[in-house]
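Asks: Build me a model:
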Amino acid sequence: MGLFSEALVLHFPLLITLLLHNHVVGVSSTTDKQTLITLKSQLSDDTSNKLSSWNQNTSPCSNWTGVKCNKLSQRVTSLDLSGLGLSGQLSSSIGNLIRLRVLNMSSNNIEGVIPSNITLLTQLQILDLSSNKIVSRIPTDIGSLRNLQVLKLGKNNLHGAIPASLGNISSLRNISLGTNYLSGWIPSDLGRLKNLIELDLTINNLTGTVPPVIYNITSLVNLALAANSFWGELPQDVGHTLPNLLVFNFCFNRFTGGIPASLHNLTNIRVIRMAHNLLEGTVPPGLGNLPFLRMYNIGYNKIVSSQGRGLDYIIHSLTNSTKLNFLAIDGNRLEGVIPEAIGDLSKNLSILYMGGNRINGSIPSSIGHLSGMRLLNLSYNLITGEIPQELGQLEDLQELILAGNQLSGTIPKSLGNLLNLNQIDLSRNELVDTIPSNFGNFQSLLYMDLSSNKLSGSIPGEILNLQTLSKVLNLSMNLLSGPIPQVGNLISVATIDFSINKLYEYGWGEKPSSAGDVYSFGIVLLELFSGKSPTDECFAGGLSLTRWVQSAYKVKKLEVIDPRLISLISDDDHDPAEGPNPQLYCLDGILGVGLSCAADTPDARIGIREALRQLKALRDSFLKNNDSKNAAATSKRYYQVSTK
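Replies: Numbers count the residues shown, from 1 in each chain. Prediction:
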């Protein structure tokens, strides 16, 4: 046998292996290519043609947009098409890319469902379909993705329950399902995820109590359950069981009990958000131990001042949080005087909500030291004295809301220096003298409300030349006199109100928009009967008062009605067989009118006459039902008396 023959015999198995490997690689890469071509056929990027490199004449591993391959196997391992403006649907053929480790289709306009065979991608480590328009359930067997580390499905239209099988993926580090329509309870199976760093379930329709095992995932850094319908008491030891926590976001739920004191032991924590719950008691000790705190939001609860832990304690404690940029303690029952130490708060503080409490005394001049302030809301307290001139030093201020106090004296001319202001509300005070003419300096103003004061003199023409003013100009219920100047420059203002003054002549150039008026009327209805303000801090990140009411309106109507109104409604005399409770039916109808008035586009809004007709019909129906009940009750009492 020759040397060649001997070599061939010796290396024959290796040659066969190489030939088979190359054949498999060729077939497999061809399968991946056809899968991507099929995927492209169901996607569209309109005019930009971002996927033009995907064609039959080249290899996916050459230079296809968003595609990465393993150099040896030539199999597709990463597909990142995020932010390309793609629309269409995600093809079920995606399940053929069995070597895929990264699938990122986020920030597009993809619709349809999540293909069930996506669970065949068992090597997947990152699955990101967030910020699309997907209408789907999360596949129940998603737990078969045993190597998954990151699951981001937020900002879609997902519905149904959170699959319990997620608890099988021990490698999971990030679960982000926020801003969807998920319902049901949090599966206790998630408590098995000992490597979980982030759990974000915000803005869904989830309910029930939080499983205690969730509070034992010691690896958690971000726990965000805001804007759901969770209830129950917050565990007082949460700061001990979650020692690595940096973000605690539980606002807009129905949690009860007190603020866990152990949260103030987390010296590295950045965000504490518990607004819009049913929390009681005082702010616990330890608040001064949080040097890295950036956001502290306990607004709209039942927090009180007592035992030396009130407003003064909160402000003094937070002077140690030198990185603080957001503070909200509004809508509680806090009492006391704003201390001079408020000026010692972080220079990074940009948002300060203190409205809706029982704060008295005057506004300290030291507040002018908060040079980074963009929003200041001290409304609806018992604050007296004059508006400090030093507010005019807050050059970055965009919103100044001091309404509903007992402020007196003149409006400081220094406020005219706030060139970045887009909202000023000084209504419902006891301010006197004239409106400063330098308010005409405002370059970004959208909203001005100076109503219900004792302002006198004429309306400065400079105000009526504000080109940006588009939402509200309310000067009603003052002592203003003289003629109203031409308002032709204010044709875009949704609401103008000069009523109940001493003005003797109207000089309208153009009429304000009726569509704008009905929109404002709708917002007022929603605000009055939901008990929420459009400027509440939690209405952010795409969530507004109207969107919040809309999302909850069909599935949990009681959640959008002001709890104070709910508490006045009695079911004692109501027979469910007779239909819905007439009181709830009336409130439900009012919210419906509010939504119809506050539709996004002017063409979609009902007219003000139609709104009033619907409200009158609701009133008449309620009164008729009430009269019938009273008559029935009278007859029943008469019958009972006559048969004794």
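Asks: Settle this for me: Thr202 is touching Asn222, isn't it.
Replies: No: using CB atoms under 8 Å, Thr202 is not in contact with Asn222, being 10.5 Å away. Every C-beta, even on glycine, is put in place using the N, C-alpha and C of the backbone.
Asks: Looking at these two, which is more packed in?
Replies: Neighbours were tallied for Thr202 and for Asn222 using other CB atoms under 10 Å; the higher tally belongs to Thr202 (24 against 19).
Asks: Who are the contact partners of that one?
Replies: 178-179, 224-228, 249 (CB atoms under 8 Å, 6 or more residues apart in numbering).
Asks: do Leu158 as well
Replies: Taking CB under 8 Å, 6+ apart, one finds 134-138, 177, 180-182 in contact with Leu158.
Asks: Kindly indicate which of the contacts of Thr202 lies nearest Gly592.
Replies: Nearest to Gly592 out of the contacts of Thr202 is Ala227 (CB to CB; 21.5 Å).
Asks: Would you confirm that that closest one contacts Cys251?
Replies: Yes: applying CB under 8 Å as the test, Ala227 and Cys251 come out as touching, 7.1 Å apart.
Asks: if we can go back for a sec, buried ones from the contacts of Leu158, can you make that a PyMOL selection?
Replies: A single PyMOL command is used to select the members of these judged buried by 16 or more other CB atoms under 10 Å:
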select buried, resi 134+136+138+177+180+181+182
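Asks: ok, the contacts of Leu158 vs Val150, which is closest?
Replies: Using CB to CB, the contacts of Leu158 come closest to Val150 at Leu177, 12.2 Å.
Asks: which sections of this protein are below the confidence cut-off?
Replies: Within the chain, the stretches with pLDDT under 70 are 1-29, 46-47, 484-489, 491, 503-517, 533-543, 553-558, 569-580, 626-644.
Asks: mind giving me the domain split of it?
Replies: 391-512, 530-642 (automatic domain parsing).
Asks: Can you show me the strands along the stretch 51-200 of the chain?
Replies: 67-69, 76-80, 87-89, 102-104, 109-111, 126-128, 150-152, 159-160, 174-176, 181-184, 198-200 (DSSP state E, counting those that start in this stretch).
Asks: would you list the ones you listed in a markdown table and tack on distance to Ser306?
Replies: Formatted as a markdown table, those follow (distance: least, CB to CB, whole Å):
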| stretch | distance to Ser306 |
| --- | --- |
| strand 67-69 | 61 |
| strand 76-80 | 55 |
| strand 87-89 | 57 |
| strand 102-104 | 51 |
| strand 109-111 | 53 |
| strand 126-128 | 48 |
| strand 150-152 | 44 |
| strand 159-160 | 44 |
| strand 174-176 | 39 |
| strand 181-184 | 39 |
| strand 198-200 | 34 |
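Asks: do you know which of the ones you listed lies nearest Leu421?
Replies: Across the strands of the stretch 51-200 of the chain, closest to Leu421 is strand 198-200 (CB to CB), at 33.9 Å.
Asks: what are the pairing partners of the closest one, and which direction each?
Replies: Looking at strand 198-200 with DSSP bridges, its partner strands are strand 174-176 (parallel), strand 222-224 (parallel).
Asks: got those as a markdown table, with distance to Leu464 columns?
Replies: Below are the strands paired with strand 198-200 laid out as a markdown table (distance: least, CB to CB, whole Å):
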| stretch | distance to Leu464 |
| --- | --- |
| strand 174-176 | 48 |
| strand 222-224 | 45 |
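Asks: Looking at those strands, which is nearest to Leu480?
Replies: That would be strand 222-224 among the strands paired with strand 198-200, by CB to CB, at 47.9 Å.
Asks: so what strands line up beside the next helix or strand after that closest one?
Replies: Tracing the chain C-terminally past strand 222-224 and defining elements by DSSP states H and E, one meets strand 229-233 next. Sheet pairing for strand 229-233, assigned by DSSP bridges, gives strand 205-208 (parallel), strand 254-256 (parallel).
Asks: Quick one: these as JSON lines, columns for distance to His240 too.
Replies: Shown next, in JSON lines, are these (distance: least, CB to CB, whole Å):
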{"stretch": "strand 205-208", "distance to His240": "24"}
{"stretch": "strand 254-256", "distance to His240": "18"}
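Asks: Include mean neighbour count and distance to Ile314 when you put those strands into JSON lines, please.
Replies: Formatted as JSON lines, the strands paired with strand 229-233 follow (neighbours: other CB atoms under 10 Å; distance: least, CB to CB, whole Å):
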{"stretch": "strand 205-208", "mean neighbour count": "18", "distance to Ile314": "31"}
{"stretch": "strand 254-256", "mean neighbour count": "17", "distance to Ile314": "20"}
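Asks: The protein: helices as residue ranges?
Replies: 3-41, 60-63, 238-241, 311-318, 514-530, 545-553, 557-560, 563-566, 582-597, 608-642 (DSSP state H).
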